[in-house]
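*Asks:* Just the structure for this:
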Amino acid sequence: MVEEWRAGRRGLMQVSLAAALAGCSTTRSSSFEPAPPLASIRARTDRIFDIAVCLRPFRPAGPRVETERVGNTLVVHNYGHGGSGWSLSWGSSTRAVRLAMQASPTEVAVIGCGALGLTSAILAQRAGARVTIYARDQLSETTSARATGEWTPDSRIALARDAALDFGSVWEEMARTSFKVHRNYLGLPGTPVEWIDQYAVSDDTPRPSQRSDTSVGSPRPNLSFASYAGRIRDLTPSWQKVPAEATPFKATSVSRGEIMVFNIADYGHTLMNDFFIAGGQFSRADFRTPSQIAALRQKVVINCTGYGARALWKDETLVPVRGQIARLIPQPDVRYGLVYRHVLTVPRRDGLVVQSFAGGERQGYDDANETPDRAEAEQAVRTLAELFTKSA
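*Replies:* Residues are numbered from 1 along each chain as shown. You can find the predicted model right below:
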């Protein structure tokens, strides 16, 4: 299970699960805190009501948060967050808005209406600027709306060999800032942000063969993603080893942690409302060249175009990382997350998210295919179903 988890999403490792399963940072089972009875997940393929694919905008050096002049327009770039867009949004946007406001603008344009665009817009409003978001789509139709929805601040955030020496400190500042702001959304109507228990379950069932690194396109480079989880270990509780008999899972090893979850439909609705209530304007636009952006009346622009920056700004450092989630019909009685045999389940209010990470961190790397894979989704749900069938 330890190796399985290490092969999973880097962002989830911020809760030290690998160490927990190895017995390094968990509390002893004698200090196990009983949890309420766990409802079974109704994991059936006919309950899949949505399959969505997003392209995470990965940059080997990490996110781009810096300024550029296009004619007499100051452009502040804020993109390239890999699998950490929602998690780092407030911290990264704080840095971007700080750069933008150095010019003391009365008006600011934000390009893009995903997680980074909305948080940049709201923070620019709070700094005193009138803000217009220019984007092809509002949040519900953006890549951000197809994210998994867990607090994963270093999920494929950079490559260890390419990140600047000081990037760890920059990342920590962004992560801590974001964590602090996300706390303000706890307990609000719609439950935009909440904490859940998450279980990691291991058994002796043979694992399916993992995807080859060369399953799509050319052979992958030897990837070593940067990990900064140790810098914020104090923000989340330690994982506990749980007596298997205290859970409904028939397993050889069970651990439990606590993780923050973003209910993206509710969270996005809350952010859009906050933006409009503060006087924000939205203008539908599809920019193809930087010169079109420079022609805007606002002369300070925050560019939050995610993977779209590859074409718009000719940023060839951006690498697409394909990610797919399937959603099962919501179960209000299921309020825990689960990791089992390379399948992650997140109990969001808008549906139980089921995601396969059988290919580890390299899964989807440099794959720009956005076509949903029904077979992958159904296999992940069937794997989940096996746990509850044998636990019945």
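*Asks:* Mind jotting down where the strands sit in the protein?
*Replies:* Using DSSP state E, the strands found in the chain span residues 48-58, 64-70, 73-79, 107-111, 130-135, 193-202, 240-241, 253-262, 281-284, 300-303, 319-328, 336-340, 343-348, 351-356.
*Asks:* Between strand 73-79 and the fourth one, find me the angle.
*Replies:* Just to be clear, that refers to strand 107-111. Angle of strand 107-111 versus strand 73-79, following axes from the mean of the first three to the mean of the last three CA atoms, to 10 degrees, is 40 degrees.
*Asks:* Residues contacting strand 107-111, please?
*Replies:* For strand 107-111, contacts defined as CB atoms under 8 Å, 6 or more residues apart in numbering pick out 100, 117, 120-121, 124, 129-135, 287, 293, 296-298, 300-305. Quick note: C-beta positions are derived from backbone N, CA and C, even for glycine.
*Asks:* Work out the sheet partners of it and label each with its direction, please.
*Replies:* strand 130-135 (parallel), strand 300-303 (parallel) (DSSP bridges).
*Asks:* can you list contacts of stretch 281-298?
*Replies:* With CB under 8 Å, 6+ apart as the test, stretch 281-298 has contacts from 70-73, 75, 105, 107-109, 111, 113, 130-136, 138, 276, 301, 303, 312-313.
*Asks:* Tell me the buried residues within those.
*Replies:* Among the contacts of stretch 281-298, those that count as buried by neighbour count (16 or more other CB atoms under 10 Å) are 70, 73, 75, 105, 108-109, 111, 113, 130-135, 138, 301, 303, 312-313.
*Asks:* Under the pLDDT cut-off, which ranges of the stretch 101-250 of the chain? List them.
*Replies:* Along the stretch 101-250 of the chain, the model assigns pLDDT under 70 to residues 204-222.
*Asks:* any idea which of the strands of the chain scores lowest on pLDDT?
*Replies:* Among the strands of the chain, strand 240-241 carries the lowest mean pLDDT, at a mean of 90.
*Asks:* Please work out how many residues are found near the residue lying closest to Tyr336 once chain neighbours are set aside.
*Replies:* Nearest residue to Tyr336 in three dimensions, chain neighbours excluded: Asp197, at 4.6 Å (CB to CB, 6 or more residues apart in numbering). A count of nearby residues for Asp197, using other CB atoms under 10 Å, gives 20.
*Asks:* Quick one: residues contacting Asp197.
*Replies:* 35, 256-258, 335-337.
*Asks:* Got a quick ChimeraX command for the buried subset of those residues?
*Replies:* Here is the ChimeraX command that selects the buried residues among those (16+ other CB under 10 Å):
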select :256,257,258,335,336,337
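*Asks:* Include distance to Val242 when you put the contacts of Asp197 into TSV, please.
*Replies:* Listed next are the contacts of Asp197 as TSV, based on distance: CB to CB, whole Å:
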residue	distance to Val242
Ala35	8
Arg256	5
Gly257	10
Glu258	13
Arg335	16
Tyr336	12
Gly337	14
